[in-house]
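Trainee: I would like the atomic coordinates for the input below:
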Amino acid sequence: MQTMAKWLIIVGIIFILAGIVWSWLSRLGIGHLPGDIYIRRNGFTFFFPFTTSLIASLLLSVILWIFRK
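Mentor: Below you'll find the predicted structure:
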């Protein structure tokens, strides 16, 4: 049970750090890459960062793969 609590704390810290870093990354253009879906209509805006999600997933996969070894 203690290992589950440790993992939840680690995941929480990662989310907090990602939220802090995200504001800095948005200044670099991350989050508005080609391939991200952005629809604006009368009174409605939809944004889905498809390409950004793929890049974040790849980076996270590589980081986790490195830590497992």
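
Trainee: Can I get stretch 60-69 as CSV, trimmed to CA atoms?
Mentor: Only the C-alpha atoms of stretch 60-69 are listed here, as CSV (Å, rounded to 0.1, in the frame of the first residue of the first chain):
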residue,chain,number,x,y,z
LEU,A,60,7.1,10.6,-21.8
SER,A,61,7.6,7.1,-23.3
VAL,A,62,11.3,7.7,-23.9
ILE,A,63,11.8,9.0,-20.4
LEU,A,64,10.0,6.1,-18.8
TRP,A,65,11.9,3.6,-21.0
ILE,A,66,15.2,5.2,-19.8
PHE,A,67,14.2,5.0,-16.1
ARG,A,68,13.1,1.3,-16.5
LYS,A,69,16.6,0.3,-17.6
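
Trainee: Show me which residues of it are buried.
Mentor: Across stretch 60-69, burial judged by 16 or more other C-beta atoms under 10 Å covers no residue at all. Bear in mind the C-beta positions are built from the backbone N, C-alpha and C, glycine included.

Trainee: For that stretch, the averaged confidence score.
Mentor: Taken as a whole, stretch 60-69 has a mean pLDDT of 85.

Trainee: How about stretch 21-28?
Mentor: Here the average pLDDT along stretch 21-28 is 73.

Trainee: can you tell me which residues contact the nearest residue to I37 once chain neighbours are set aside?
Mentor: The shortest distance from I37 to any residue other than its chain neighbours is 4.3 Å, reached at F48 (C-beta to C-beta, 6 or more residues apart in numbering). Counting by C-beta atoms under 8 Å, 6 or more residues apart in numbering, F48 makes contact with 36-38.
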